[in-house]
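1. Would you be able to build a 3D model of this:
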Amino acid sequence: MRGLLSLSGANLIYAIAQWIPVAIFARLGSAEELALYTLALSVPAPLLMFAQMNLRNVLASDVRNSVPFTVYRNIRVIAMVAGIAAVGLFSRNAVVTLGACVLALEWIGDIYQGQFQRQNEPRRAAYSVLLRGLLPVIALCVVLAAGFGAAAALLSNIATRLLVWLTVERGAVTDTENDQRSGNAWMEVLRTAWPLGVVMMIGSVSSNMPRYFAEYHIGHAGLAAFAVVWALAALGNLLTNSVGQAFMSPLAKVAADYDAAGFTRLSLYMTGAGLLLGVVAVLCGQFLGAWVLGLLYGAKYVQYQPLLVAILGAAGFGYAASLLGTAITAARCFREQVPVQIAAVIAGFVAGMAAIPAMGLSGLAVSIAAANLTQLIGEGIVLRGAIRAMEPKVEQRHA
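-> Model (predicted):
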């Protein structure tokens, strides 16, 4: 338990570190550079999300160690290289390609952290997460203080992530599993993981859709305003993701034992915690939002406090959906998540197309709420089916 708490703490620091670049850009850079940095990471995200296939959770939920780590690692590396090549070929934009490299290196490190979890070494995973969170922030401060822009910031991010991989992660993983059937294992992993790749890609489109809407309807200024507000809301997403990662293996073990009652209890606790986090976030936004925006970003961003409250309210459904998604992934319900994500994207797109032209930036909250609520309801249906599937197997084991 102490190791899980240390990993959760490291993930919390990592979550905060993901917000800091936006604050640094708001203070030291311009709205145009902040918008460019945001687009560089959001444009290639859906393709890279598909390529990463959420292999970390597939690996962490493989509690019987049926597939060697080397298979997961090699698939991840090859997929990331192919993703970078595809982004560079189709975007023909150097900054967007740099953003793809940042995401690829992040997810190559991510698969090592998954193996640390499977080896029951949460402290080593926590060390890796801490370095991946803090070193890019330090490098970004140096780059922006020196007067450079988004491209240099992305290059510094790439350099620090390479450093962590070379010094901490590569060679730190041991895999004692027999790799004699690696050819069959590759196909087994790909058959299992490709639905999650689709889920991740569609989910990335859904989460980045507000950025696309803001840039299209309002321009760089609108995207910069949304970026600084969303960075605060995204702290909750990163926190729920980190908690979900820390408890993925315990949830998977409960599911593998067909403990329907225990799995239901843990899933409901996690979902309730997500909703509670949303309520707390809204209250903080209402009473502290203007002060926080002024303190972190400057006086010119205080005007966006009402937008912050609306975005936090919409994001609350997403916090619960994130933790519920962790539960159904732990139950290895992969393909069932595809229609849920498709429905969420459609709901968010339709709501955004209707609300944003009429409401401006406030319409982004409507789009986010529609997508997150649809996802939460759909995942609840999937969870119910997974629990029902466990009950007969429990009865068979006790017969």
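
2. Going by C-alpha atoms from here, please, whenever you check contacts or count neighbours.
-> Fine.

3. Low-confidence regions, the chain specifically.
-> By pLDDT under 70, the low-scoring segments of the chain are 1-8, 63, 171-183, 391-399.

4. in it, which spans are strands?
-> Along the chain, counting by DSSP state E, no stretch forms strands.

5. For the closest residue in space to residue 17 that isn't next to it in sequence, give its distance to residue 77.
-> Excluding its sequence neighbours, the residue lying closest to residue 17 (Cα to Cα, 6 or more residues apart in numbering) is residue 133, at 5.3 Å. Separation of residue 133 from residue 77 (Cα to Cα, to the nearest Å) stands at 21 Å.

6. what's the answer for residue 299, then?
-> Residue 299 sits 43 Å away from residue 77, going by Cα to Cα.

7. Neighbour count for these two, which is higher?
-> Neighbour comparison, residue 299 and residue 77: the larger count goes to residue 77, with 19 against 12 (by other Cα atoms under 10 Å).

8. Hmm, residue 131 is touching residue 162, no?
-> No. Look at residue 131 against residue 162 with Cα atoms under 8 Å: they stay out of range, at 11.2 Å.

9. before we move on, the earlier item: residues contacting the residue nearest to residue 17?
-> Residues in contact with residue 133 (Cα atoms under 8 Å, 6 or more residues apart in numbering) are 13-15, 17-18.

10. Out of these, the closest to residue 335 would be?
-> Nearest to residue 335 among these: residue 15, at 28.2 Å, using Cα to Cα.

11. from what I can see the closest one touches residue 239, true?
-> Yes. Residue 15 is within contact range of residue 239, at 6.2 Å (criterion: Cα under 8 Å).

12. Going along the chain, name the helices of the stretch 51-200 of the chain.
-> 55-60, 69-91, 94-118, 122-145, 150-164, 182-217 (DSSP state H, counting those that start in this stretch).

13. Format those helices as a markdown table; extra columns: distance to residue 388.
-> What follows is the helices of the stretch 51-200 of the chain, written out as a markdown table (distance: least, Cα to Cα, whole Å):
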| stretch | distance to residue 388 |
| --- | --- |
| helix 55-60 | 22 |
| helix 69-91 | 30 |
| helix 94-118 | 27 |
| helix 122-145 | 32 |
| helix 150-164 | 43 |
| helix 182-217 | 21 |
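
14. And for residue 98, nearest residue in space, chain neighbours not counted?
-> Nearest residue to residue 98, sequence neighbours excluded (Cα to Cα, 6+ apart): residue 154, at 6.2 Å.

15. what separates the one you found from residue 207, distance-wise?
-> From residue 154 to residue 207 the distance is 21 Å (Cα to Cα).

16. For these two, indicate the residue with more neighbours.
-> Under the neighbour definition other Cα under 10 Å, residue 154 and residue 207 were set side by side, and residue 154 has more, 25 against 22.

17. Could you pull up the residues touching the more buried one?
-> Counting by Cα under 8 Å, 6+ apart, residue 154 touches 37, 95, 98-99, 102.

18. Please apply the same query to residue 165.
-> Here residue 165 is in contact with residue 109 (criterion: Cα under 8 Å, 6+ apart).

19. Check residue 296 too.
-> Residue 296 is in contact with residue 23, counting by Cα under 8 Å, 6+ apart.

20. Then residue 33?
-> Neighbouring residues of residue 33 by Cα under 8 Å, 6+ apart: 25, 149-150.

21. tell me which of those is nearest to residue 363?
-> Among the contacts of residue 33, and counting by Cα to Cα, the member closest to residue 363 is residue 25, at 24.7 Å.

22. And for the closest one, the neighbour number?
-> Residue 25 has 25 neighbours, counted by other Cα under 10 Å.

23. likewise residue 89?
-> Using other Cα under 10 Å, residue 89 has 11 neighbouring residues.

24. Could you list the buried residues of stretch 74-93?
-> The neighbour-count check on stretch 74-93 (16 or more other Cα atoms under 10 Å) flags 75-77, 79-81, 83-84, 86-88 as buried.

25. quick one: residue 367 and residue 210 touch, right?
-> Yes. If you go by Cα under 8 Å, residue 367 and residue 210 touch, sitting 7.3 Å apart.

26. of the two, who's got more company?
-> Taking other Cα under 10 Å, residue 367 and residue 210 do not tie; residue 367 has more neighbours (30 against 26).

27. so who does the more buried one touch?
-> Counting by Cα under 8 Å, 6+ apart, residue 367 touches 210, 347-352, 355.

28. Tell me the spacing between it and residue 109.
-> 32 Å.

29. now swap in residue 268 and tell me
-> Applying Cα to Cα, the value for residue 268 to residue 109 is 30 Å.
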